[in-house]
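Visitor: pasting a predicted model and its sequence here:
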Amino acid sequence: MPSLRTSGGPPVIRLSVMMFLQFLVLGSTMPIISLYLKIKCGFSGLQIGYILAGSALSTLASPFIGALIADRYISAERLLSFTHAAGALILYILSTQTDFLPVFICHLSYWLLIGPTTALTTAITFHHAPEAVKTFGGIRLWGTIGWIAAAWIYRLLCLWRQYDSTENLELALQLGVYSSLVLTLFALFIPRGAPRIDRPPTLLPRESLAVILRKPVLVLCIFTGLIAIADRMYMFGGAPYLQSLGYRENNILPVLSIGQFPEILGMALLGAAILRFGNKKVLLLGVLLEIIRFILFMLKVKGMVLYSSIGIHGLTYTFIFVTASIFLDSRCTPENRSGAHQYFALFVGGVSTLAGNILSGFVAELATLPGTGEIRFEQFWFVPLLFSIAGFLILLLFFKPDRQRSTSIR
């Protein structure tokens with residue numbers, strides 16, 4: 001089996017480029033899509049919620065892609081290439097539609113393809129990178145840089161094209177198309193990292209499911225799922241919230257990208273923080289910051305306090321979701337790694353994304369002033385605040401990580 005460490009360059013560099021491109025794709029569309037659907041398509045909050053909830057179906061299907069397809073019939077690396085190629089085509093078609101049903105179908109199809117790719121890149125990284133606790137944060141850091149790059153490339157394109165606000169938003173989707181095509185080509189040159197699985201496939205692979213059902217991992221899934229609902233509401237409400245504060249459409253992505261700058265520091269320090277303080281304390285810090293963020297949003301802060309509250313997002317993502325992935329991987333073997341990460345994506349991303357997006361649309365409708373279309377965001381942000389508090393209590397009371405570690409991490 002070819003090794004990334006001996007086939008054309010240092011593994012960290014090639015894995016970092018993969019992460020950069022993966023999050024360049026996601027950063028081009030995810031922060032702006034709710035505002036795009038509102039302005040370009042004219043959809044209501046509930047319609048937008050239903051469209052975005054369709055992306056959860058991709059994560060509900062992703063465990064079967066990871067456990068039944070990746071590293072069995074096709075390597076995770078080649079599957080990553082295929083899904084981004086098809087995703088680029090679907091995203092282009094989506095950018096040409098404005099009616100509800102075609103947009104819903106295109107968005108659902110897009111996320112059925114792209115949804116599993118984050119878990120795929122995580123599994124590929126853990127397949128190739130030695131000493132995951134020490135190296136994963138530094139590699140994943142380049143995903144953060146990719147997300148930031150998407151915002152500022154988009155802003156430069158807006159200045160260059162001098163489009164109106166609607167066309168500006170279309171540029172974000174076009175950037176996602178081209179980024180996916182670049183990753184399609186790059187992924188073809190990543191060698192296979194996991195051994196081929198020759199056992200007959202099963203609908204629910206027991207070796208991967210057994211990892212998730214261990215008590216510490218299961219509690220972590222429940223906790224992270226609650227925080228993911230709150231995070232979905234942030235992704236839903238972030239762009240419209242800034243618009244309500246007077247920000248122009250072509251400035252919203254760069255302002256939201258402020259959240260990723262502290263993430264760079266968090267990623268750089270994450271491995272050392274976990275080794276020094278342990279998973280639980282790092283997770284608790286992350287959710288405490290999440291609570292502070294939503295309290296500040298409810299108060300409708302402005303200026304540097306607003307930018308600081310947006311900046312908290314990067315730290316919460318790092319300390320919660322990346323730490324959770326590292327903890328999960330410490331319970332995996334090379335044979336069950338892809339499936340276990342996909343199951344985790346099912347629990348955290350699938351169910352929580354579905355619930356979070358539908359809930360976001362429902363809460364946005366309830367919080368909208370009749371006849372004005374204006375959302376009362378002090379009411380909207382109160383709901384993710386409650387989910388964050390619930391997650392904090394569950395983590396504090398029930399998460400007791402054992403000392404078991406997989407032999408795959410040395």
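Guide: Great, that's in hand. The structure presented is a predicted model; accordingly, all values stated were derived computationally and were not measured. Numbers count the residues shown, from 1 in each chain.

Visitor: what sits closest to residue 293 if chain neighbours are left out?
Guide: Of all residues not flanking residue 293 in the chain, residue 312 sits nearest, at 4.2 Å (Cβ to Cβ, 6 or more residues apart in numbering). Every C-beta, even on glycine, is put in place using the N, C-alpha and C of the backbone.

Visitor: hmm, residue 292 and the one you found touching each other?
Guide: Yes: using Cβ atoms under 8 Å, residue 312 is in contact with residue 292, at 6.5 Å.

Visitor: show me what contacts residue 293?
Guide: By Cβ atoms under 8 Å, 6 or more residues apart in numbering, the contact list for residue 293 reads 234, 309, 312, 313, 316.

Visitor: for the residue nearest to the spatial centre of the chain, which non-adjacent residue is closest in space?
Guide: Closest residue to the average C-alpha location of the chain: residue 118 at 7.0 Å, with Cα atoms, centre = their mean. Nearest residue to residue 118 in three dimensions, chain neighbours excluded: residue 22, at 6.8 Å (Cβ to Cβ, 6+ apart).

Visitor: that neighbour contacts residue 143, doesn't it?
Guide: Yes: in this structure residue 22 lies within contact range of residue 143 using Cβ under 8 Å: 6.1 Å.

Visitor: next, show the common contact partners of those two.
Guide: Joint contacts of residue 22 and residue 143 (Cβ under 8 Å, 6+ apart) are residue 121.

Visitor: where's stretch 323-339 relative to the chain centroid, distance-wise?
Guide: Computed by Cα atoms, centre = their mean, to the nearest Å, the chain-centroid distance of stretch 323-339 equals 17 Å.

Visitor: now swap in stretch 112-130 and tell me
Guide: The answer for stretch 112-130 is 12 Å, by Cα atoms, centre = their mean.

Visitor: just give me the neighbour total for residue 75.
Guide: 22 (other Cβ atoms under 10 Å).

Visitor: and it, how far from residue 120?
Guide: 10 Å (Cβ to Cβ, to the nearest Å).

Visitor: can you pull out the helices in the stretch 1-150 of the chain?
Guide: In the stretch 1-150 of the chain, the segments counted as helices under DSSP state H, counting those that start in this stretch are 11-29, 33-39, 45-64, 76-94, 100-114, 117-128, 132-161.

Visitor: contact partners for residue 360?
Guide: Residue 360 neighbours (Cβ under 8 Å, 6+ apart): 45, 49, 52, 232, 233, 236, 237.

Visitor: of those, which pair is most distant in space?
Guide: 45 and 232 (13.8 Å; Cβ to Cβ).

Visitor: from residue 95, how far out is residue 285?
Guide: 39 Å.

Visitor: in this structure residue 35 contacts residue 249, no?
Guide: Yes: look at residue 35 against residue 249 with Cβ under 8 Å: they come within range, at 6.8 Å.

Visitor: any shared contact partners between the two?
Guide: Contacts common to residue 35 and residue 249, judged by Cβ under 8 Å, 6+ apart, are 169, 243.

Visitor: tell me, how many residues neighbour residue 98?
Guide: With other Cβ under 10 Å as criterion, residue 98 counts 12.

Visitor: next one: phi and psi at it?
Guide: Backbone dihedrals for residue 98, given as degrees, to the nearest 10, come out at phi -130, psi -10.

Visitor: between the helices of the stretch 1-150 of the chain, which one is closest to residue 182.
Guide: Of all the helices of the stretch 1-150 of the chain, helix 11-29 comes closest under Cβ to Cβ, at 5.9 Å.

Visitor: which other helices and strands does the closest one contact?
Guide: Applying 3 or more Cβ pairs under 8 Å, 6 or more residues apart in numbering; DSSP states H and E, we find helix 11-29 packed against helix 76-94, helix 117-128, helix 132-161, helix 165-187.

Visitor: deepest-packed of the ones you listed, please.
Guide: Each of the helices and strands packed on helix 11-29 was scored by mean neighbour count; the highest is helix 117-128, a mean of 26, by mean count of other Cβ atoms under 10 Å.

Visitor: got the CA positions of that one in PDB?
Guide: The C-alpha trace of helix 117-128 is given here as PDB (Å, rounded to 0.1, in the frame of the first residue of the first chain):
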ATOM      1  CA  THR A 117     -17.000  15.000   2.400                       C
ATOM      2  CA  THR A 118     -16.100  16.700   5.700                       C
ATOM      3  CA  ALA A 119     -16.100  13.300   7.400                       C
ATOM      4  CA  LEU A 120     -14.200  11.900   4.500                       C
ATOM      5  CA  THR A 121     -11.400  14.500   4.800                       C
ATOM      6  CA  THR A 122     -11.300  13.900   8.500                       C
ATOM      7  CA  ALA A 123     -10.900  10.100   8.000                       C
ATOM      8  CA  ILE A 124      -8.300  10.600   5.200                       C
ATOM      9  CA  THR A 125      -6.300  12.800   7.600                       C
ATOM     10  CA  PHE A 126      -6.400  10.300  10.400                       C
ATOM     11  CA  HIS A 127      -5.500   7.500   8.000                       C
ATOM     12  CA  HIS A 128      -2.300   9.300   6.900                       C
END
